[in-house]
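Visitor: compute the structure for the input listed below.
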Amino acid sequence: MLDTVPGLDLSDQPAGYEALKAWWAHMREHAPIRRDRVLGHWHVFRHADATAVLTDHETYSSDLRDLVVQPEQFAIVARGAFNGFDPPDHRRMRGLVGKAFTPRVVEALEPVVRRITRELLDEVRGRPEVELIDALAYPLPLAVIAELLRIPLSERERFRRWADALFYQGRGDDPVIIPTEEMLRSVEPQIGEMNAYFLDVIADRRQRPGDDLISQLLLAEDEGQQLADEEVLGVCGFLLVAGHITTTMVLGNAVHLLATRPDVADALRTEPSAIPAAVEEVLRLRGQLPATARRTTREVTLGGQVIPAGDVVLVWVASANLDERQFPDADEFRPRRRPNRHLALGRGIHFCIGAPLARLEQKVALEALLADWSDFRLGDGVEEVDPRQAIGLRALPIRPVWAR
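Guide: Residues are numbered from 1 along each chain as shown. Have a look, this model is predicted:
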C-alpha cells in the first residue's frame, strides 16, 4: 500500500501546505522513516527521530559540500557558511562569530529594532489595507542587518535578490532539498555580485574598523586564530539568509494566525508579556523551514531502519513540530503551550546562533502591531510561498482598525 502513496519521493511530493501536512501526518503514522525510491534519501518525520538526528553531529554530518560540484562563487561564500560545517571547523567558526554576536550585542539592538519598527509602521499609518510583508515583515529584519553590518539600506533590493539566490539556490518550484550544479549555476551571477560587494566592504573595514559586526568579526580572535576575509563574507551571506528569511516568514505567519484568531490577538494585546511564548508556538506550528539535510558518517539504526554510511537523511522539521506524540493537540495554535520543544531553530551544536535576535524582532514587531491595531482581518490575495521550499507568505494584505 505504501508504494502507492504520493510523496514517497521528492518528485511527486504534494505542493500545497495543507496537502503537505496531510502527507506528513500519513508518514508519521505509517512510515516514520522511509527511503526515497528515486534519490535514495531517507525521510524522517517524527519528533523523537528528528531530535536524535539533529543532536548527534558525529553520526549525522551537516557538511554536504561534496555532494554537488559547487560553482566558483558558491564555493567562495561557502568557506564561511559554518552552519554547513562539522567540528572542529564548526567549533572554530561558531566560537569566533559568537564573540562578535553576543547576548549583549542583541540587547543593545532592542532600541534600534523598536525605532525601525515604529518608522515602518508610521509610513503606512491610517491606510485601510496594509500589505504586511512589504510594509514590515520584509524590511524590518533587512534594516536590522544593515544596521548590524553598517551598510546602506538603499541597497535593500540587491540584498533581497542575493538572499533569495542563496536561499532558493535556483530551485524555483522544484521540490529538491539539495540543489544540482545546474541550479546553482543559474543564480551564480547574483552570488558573484554579492561576493564582490562584501569583499570590498570587508577590505575597507580592515583598514578602517568601526563598531559594526563586520569589524568585530575581523578583530575576533580565538587561540590566536582569526577569520579570513572570505570566511567573514560567508557569515554576511549567512546573516542575509538566516536573519532575513526567518524573520520575514515567521512574522508573516504570526500575523496570519492572529488574524484568524482575534481572541488570541486580544489576549496578547492585554498581556504583552505573553507574546514571546506565542512566538514560540508560531515557530512550532508554522516555522520557516520544512526540512534540513544531514549525511550519515557510519551505518546507523534509526527507528528500526538500518541506514548505510554516506546516505542523505532529510529531517522533516515541520512534520516533527506537528507530531502528536510530542505535542498534544498538535494542529492547534496554543500560544501558552508548555513545554514547547519545537525544532524550528534547530537543536544541538547547530542551534540557530541568531535565535535571540530573531525572537527580539518578532516580539517587538508584534507588540507594536497589537498596540497600533485594535482589530485586524485578512484582506484578499494572501499568497503562499511554495511550502516544499519554505513555509511562509509572499503577500499578506491586512485590513486593520487603527487604535490611535
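
Visitor: end to end, how far does stretch 116-130 reach?
Guide: Distances were taken as CA to CA, to the nearest Å; on that basis the terminal residues of stretch 116-130 are 17 Å apart.

Visitor: buried ones in that stretch, by neighbour count?
Guide: Buried residues in stretch 116-130, defined by neighbour count with 16 or more other CB atoms under 10 Å: 116-117, 120-121, 124, 130. Quick note: C-beta positions are derived from backbone N, CA and C, even for glycine.

Visitor: dump those into a markdown table; add distance to Ile275 and secondary structure as well.
Guide: Rendered in a markdown table, the data for those read as follows (distance: CB to CB, whole Å; DSSP: H, G, I helix; E, B strand; the rest coil):
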| residue | distance to Ile275 | secondary structure |
| --- | --- | --- |
| Ile116 | 18 | helix |
| Thr117 | 13 | helix |
| Leu120 | 18 | helix |
| Leu121 | 16 | helix |
| Val124 | 21 | coil |
| Val130 | 20 | strand |
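
Visitor: out of those residues, which comes closest to Val250?
Guide: Of all those, the one with the least separation from Val250 (CB to CB) is Thr117, at 14.9 Å.

Visitor: just to revisit the earlier point, just the buried residues of stretch 116-130 now: which is nearest Arg334?
Guide: Arg334 lies nearest to Thr117 out of the buried residues of stretch 116-130, by CB to CB, at 26.1 Å.

Visitor: wait, that closest one sits on Leu366?
Guide: No: counting by CB atoms under 8 Å, Leu366 is not a contact partner of Thr117; they are 9.8 Å apart.

Visitor: all helices for the stretch 51-200 of the chain, in order.
Guide: Listed in chain order, the helices of the stretch 51-200 of the chain (DSSP state H, counting those that start in this stretch) span 72-78, 89-100, 103-123, 132, 139-149, 156-168, 181-186, 188-207.

Visitor: hmm, who's touching the fourth one?
Guide: Where contact means CB atoms under 8 Å, 6 or more residues apart in numbering, the residues beyond helix 132 that reach it are 251-252, 255, 396-398.

Visitor: hmm, 7 Å instead?
Guide: By CB atoms under 7 Å, 6 or more residues apart in numbering, the list of residues contacting helix 132 from outside reads 252, 255, 396, 398.

Visitor: okay, now Ala291: neighbour count?
Guide: Number of residues near Ala291 (other CB atoms under 10 Å) recorded here: 20.

Visitor: if I look at it, how far off is Asp263?
Guide: Applying CB to CB, to the nearest Å, the value for Ala291 to Asp263 is 32 Å.

Visitor: ditto for Glu18
Guide: For Glu18, the distance to Asp263 (CB to CB) stands at 23 Å.

Visitor: same deal with Arg347?
Guide: 32 Å.

Visitor: and those two? Which one has more around it.
Guide: In terms of neighbours (other CB under 10 Å), Arg347 is the more surrounded of Arg347 and Asp263; the figures are 20 against 8.

Visitor: can you give me the strands in this structure?
Guide: Using DSSP state E, the strands found in the chain span residues 33-35, 42-44, 60-61, 130-131, 292-296, 300-302, 305-307, 312-315, 373-378, 383-384, 393-395, 397-402.

Visitor: what are the pairing partners of the third one, and which direction each?
Guide: Okay, so that is strand 60-61. Here the strand partners of strand 60-61, with direction, are listed using DSSP bridges: strand 292-296 (antiparallel).

Visitor: next one: the partner strand to chain centre, how far?
Guide: Its chain's C-alpha centre lies 17 Å from the corresponding centre of strand 292-296 when counted by CA atoms, centre = their mean, to the nearest Å.

Visitor: would you state the helices of the stretch 251-400 of the chain in chain order?
Guide: 262-270, 275-286, 317-320, 355-372.

Visitor: list the buried residues in the longest one.
Guide: Put plainly, it is helix 355-372. Neighbour-count burial for helix 355-372, with 16+ other CB under 10 Å as criterion, is recorded at 355-370, 372.

Visitor: can I get it as CSV, trimmed to CA atoms?
Guide: Taking C-alpha atoms only, helix 355-372 is exported to CSV below (Å, rounded to 0.1, in the frame of the first residue of the first chain):
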residue,chain,number,x,y,z
ALA,A,355,17.8,33.0,17.6
PRO,A,356,17.9,35.8,20.2
LEU,A,357,17.8,38.5,17.6
ALA,A,358,15.0,36.7,15.6
ARG,A,359,13.0,36.4,18.8
LEU,A,360,13.6,40.0,19.7
GLU,A,361,12.4,41.2,16.3
GLN,A,362,9.2,39.1,16.5
LYS,A,363,8.4,40.3,20.0
VAL,A,364,8.9,44.0,19.2
ALA,A,365,7.0,43.8,15.9
LEU,A,366,4.0,42.0,17.4
GLU,A,367,3.9,44.4,20.4
ALA,A,368,3.8,47.4,18.0
LEU,A,369,1.2,45.9,15.7
LEU,A,370,-1.1,44.9,18.5
ALA,A,371,-0.8,48.4,20.1
ASP,A,372,-1.5,50.1,16.8
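
Visitor: could I get the helices of the stretch 251-400 of the chain in JSON lines, plus columns for mean pLDDT and distance to Ala146?
Guide: Output for the helices of the stretch 251-400 of the chain, formatted as JSON lines (pLDDT from 0 to 100; distance: least, CB to CB, whole Å):
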{"stretch": "helix 262-270", "mean pLDDT": "96", "distance to Ala146": "29"}
{"stretch": "helix 275-286", "mean pLDDT": "97", "distance to Ala146": "23"}
{"stretch": "helix 317-320", "mean pLDDT": "97", "distance to Ala146": "29"}
{"stretch": "helix 355-372", "mean pLDDT": "95", "distance to Ala146": "13"}
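
Visitor: out of those, flag the one nearest Asp173.
Guide: For the helices of the stretch 251-400 of the chain, the distance to Asp173 is smallest for helix 317-320, at 17.9 Å, taking CB to CB.

Visitor: packing partners of that closest one?
Guide: For helix 317-320, the elements it packs on are helix 17-30, helix 47-55, judged by 3 or more CB pairs under 7 Å, 6 or more residues apart in numbering; DSSP states H and E.
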